[in-house]
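Mind folding the following:
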Amino acid sequence: MLVLTRKKHETIQIGDSIVIKVISTGRGKVKIGIDAPSTTRVLRGELAQLIADNETRIPETFVAPEATVKS
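Coordinates of the predicted model:
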């Protein structure tokens, strides 16, 4: 993991199209702005984990429907 120190209004460039800017700091929090293409999914880490957990979970009572064959 790359760890960088930035001050208010300083930026971090990721690749050619993503820029992260420190908007403000204080009270143990950092407010950042992210400029990325609309095709890039940007989520908070805890939200991404919640989505990943829900996508991999299959209900125990799930029963696949059987195909009906008409003659």
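
how much space between Thr39 and Val3?
Here the distance between Thr39 and Val3 works out to 28 Å (C-beta to C-beta, to the nearest Å). All C-beta atoms are positioned from the backbone trio N, CA, C, and that covers glycine.

just the strands in the chain please.
Using DSSP state E, the strands of the chain run over residues 11-14, 18-26, 29-35.

Please convert those strands to a markdown table, extending it with mean neighbour count and mean pLDDT.
Listed next are those as a markdown table, based on neighbours: other C-beta atoms under 10 Å; pLDDT from 0 to 100:
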| stretch | mean neighbour count | mean pLDDT |
| --- | --- | --- |
| strand 11-14 | 12 | 98 |
| strand 18-26 | 13 | 97 |
| strand 29-35 | 11 | 96 |
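
Could I get these in a markdown table, plus columns for distance to Ile51?
Formatted as a markdown table, those follow (distance: least, C-beta to C-beta, whole Å):
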| stretch | distance to Ile51 |
| --- | --- |
| strand 11-14 | 21 |
| strand 18-26 | 20 |
| strand 29-35 | 18 |
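
Of the ones you listed, which is nearest Ala48?
Proximity to Ala48, assessed across these by C-beta to C-beta, is greatest for strand 29-35 (13.7 Å).

contacts for that closest one?
With C-beta atoms under 8 Å, 6 or more residues apart in numbering as the test, strand 29-35 has contacts from 18-25, 42.

a markdown table for these, including distance to Glu10?
Listed next are these as a markdown table, based on distance: C-beta to C-beta, whole Å:
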| residue | distance to Glu10 |
| --- | --- |
| Ile18 | 15 |
| Val19 | 11 |
| Ile20 | 10 |
| Lys21 | 7 |
| Val22 | 6 |
| Ile23 | 11 |
| Ser24 | 12 |
| Thr25 | 11 |
| Val42 | 19 |
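
Out of those residues, which comes closest to Lys7?
Taking C-beta to C-beta as the measure, Lys7 sits nearest to Val22 out of these, at 6.7 Å.

Okay, and the beta partners of the residue nearest to Arg6 when sequence neighbours are not counted?
The shortest distance from Arg6 to any non-neighbouring residue, by C-beta to C-beta, 6 or more residues apart in numbering, is to Val22 (4.8 Å). When bridges are called by DSSP bridges, Val22 pairs up with Ile32.
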